[in-house]
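Engineer: need a structure here:
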Amino acid sequence: MKITKPKFWQKKNSLISFLLFPISFILQLLIAIKKKTSYEHSFKIPIVCIGNIYLGGTGKTPLSILVAQELIKHNKKPAVVKKYYREHFDEHALINNSIKNLFLDKQRHKAILEVEEQHLDIAILDDGFQDFSIKKNLNILCFNSKQLIGNGMTLPSGPLRESISSIKRAHIIMINGDRNEWFEKKIFNISNKIKIFYSKYTPTNINEFENKKLVAFAGIGNPDNFFHLLVENKLDLKKKISYPDHYRFSKVEIEQLVKDSEKNKLELITTEKDYFRIKNFGFKEIKYIKTKLEINNKDEFMNQILNLL
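Structural biologist: Okay, here's the model as predicted:
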């Protein structure tokens, strides 16, 4: 979704949020109706959904890739399934660069049927927690510790696709970042059966950018998280530029970024996801941070999935 997240989404008791509340109420009513009226498709293979309720920037795709890679290590044949959106080609490229079994369709259940026809073992839904047409064997909800649930309100009053109570449909919560006991208590008040795991991104090529003056740009769900990662790793970040999630850069825009950075004797740096969006432009001046997703208690986490097979 190509939007820049408004600041009031992270603020409690915002006047704008309350003014928008009637629209939020109607949207949630429509979701409730959709849930009640959707036909639920069942499948022969296990379905693991890696989704979110906070809009964008929670790390669904990196976790989907990691899960698929770990399953391959266990001699399983996983597939990643995504609903087809043309503007999400960056995520498609990211997945295809890591694993080969990516299945796309405007209707997820049709993509899963294709997975079954290919005799693969398991389908990993990258997004789809709000798709009530698919029966899932395991629901994993992703959050980022810096945003969590924002102001706790649903779209457009806040950043949530569904109310916080929808957590009760999840089996696992994956929080990227630091531990948050307040949020853990909130989760367990909704359901004490949920398992909580933590993850973090570790840069693997940070040494390439040491002692360099940088300008960073990002068109992802939460660009500030990327900028924070750079500062946290003691890189000299002189300027940061944010774009909406899945932003489709033009060659002219990138040319201008390169010219401005050269003029100010700065080096351009971006995310891996953004790099896949612009690499065909052929600008060798632009580098990207490579990251590795690490999960605390990874074996325990993966056993929740392997037990389905």
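Engineer: For the helix or strand Pro22 falls within, buried residues please.
Structural biologist: Per DSSP states H and E: Pro22 is located in helix 15-37. Under the neighbour-count criterion of 16 or more other Cβ atoms under 10 Å, helix 15-37 has 17, 20, 24, 27-28, 31 buried. Any C-beta I mention is one placed from the backbone N, CA and C, and that applies to glycine too.
Engineer: go on, stretch 196-204?
Structural biologist: 196-201, 203.
Engineer: now stretch 59-79
Structural biologist: Residues of stretch 59-79 classed as buried: 59-68, 70-71, 78-79 (neighbour count, 16+ other Cβ under 10 Å).
Engineer: which among these gets closest to Ser165?
Structural biologist: Using Cβ to Cβ, Lys60 is the member of the buried residues of stretch 59-79 that lies nearest Ser165, at 20.5 Å.
Engineer: Tell me who's in contact with that closest one.
Structural biologist: 50-52, 126-127, 142 (Cβ atoms under 8 Å, 6 or more residues apart in numbering).
Engineer: most surrounded residue in those residues?
Structural biologist: With neighbours taken as other Cβ atoms under 10 Å, the top of those is Ile50, carrying 28 neighbours.
Engineer: Parallel or antiparallel, which strands does the one helix or strand that residue maps to pair with?
Structural biologist: Using DSSP H and E, Ile50 sits in strand 47-51. Partner strands and pairing direction for strand 47-51 (DSSP bridges) are strand 122-126 (parallel), strand 138-144 (parallel).
Engineer: what residues does that strand touch?
Structural biologist: So strand 47-51 is in contact with 60, 63-64, 67, 112, 122-131, 134-142, 174, 305, 308, going by Cβ under 8 Å, 6+ apart.
Engineer: same thing but at 7 Å, please
Structural biologist: 60, 63-64, 112, 122-129, 134-142, 305 (Cβ atoms under 7 Å, 6 or more residues apart in numbering).
Engineer: Type out the PyMOL command that picks the buried ones from these.
Structural biologist: The buried residues among the contacts of strand 47-51 can be selected in PyMOL (16+ other Cβ under 10 Å) with this line:
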select buried, resi 60+63+64+112+122+123+124+125+126+127+128+129+134+136+137+138+139+140+141+142+305
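Engineer: picking that back up, and the strands paired with strand 47-51 as TSV, adding distance to Ile45?
Structural biologist: Shown next, in TSV, are the strands paired with strand 47-51 (distance: least, Cβ to Cβ, whole Å):
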stretch	distance to Ile45
strand 122-126	6
strand 138-144	12
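Engineer: Just give me how far the one helix or strand in the chain whose mean pLDDT sits lowest sits from the chain centre.
Structural biologist: Lowest by mean pLDDT, DSSP states H and E among the helices and strands of the chain is helix 89-98, with a mean of 91. Relative to the chain's own centre, helix 89-98 is displaced by 13 Å; criterion: Cα atoms, centre = their mean, to the nearest Å.
Engineer: Which strands and helices lie in contact with the next helix or strand along the chain from that helix?
Structural biologist: Next along the chain after helix 89-98, taking DSSP H and E as the criterion, comes strand 102-105. Where contact means 3 or more Cβ pairs under 7 Å, 6 or more residues apart in numbering; DSSP states H and E, strand 102-105 is packed against strand 78-83, helix 89-98, helix 108-117.
Engineer: and the shortest one, average pLDDT?
Structural biologist: Per-residue pLDDT values across strand 78-83 average out to 98.
Engineer: and it, how far out from the chain's middle?
Structural biologist: The answer for strand 78-83 is 14 Å, by Cα atoms, centre = their mean.
Engineer: What is that strand packed up against?
Structural biologist: helix 60-73, strand 102-105, helix 108-117, strand 122-126.
Engineer: So for Leu148, which of the ones you listed sits nearest?
Structural biologist: Closest among the helices and strands packed on strand 78-83, once you apply Cβ to Cβ, is helix 60-73, at 15.6 Å.
Engineer: and that closest one, average pLDDT?
Structural biologist: 98.
Engineer: ok, now stretch 44-51?
Structural biologist: 98.
Engineer: swap in stretch 258-268?
Structural biologist: 96.
Engineer: With stretch 132-142 instead?
Structural biologist: Mean predicted confidence for stretch 132-142 is 98.
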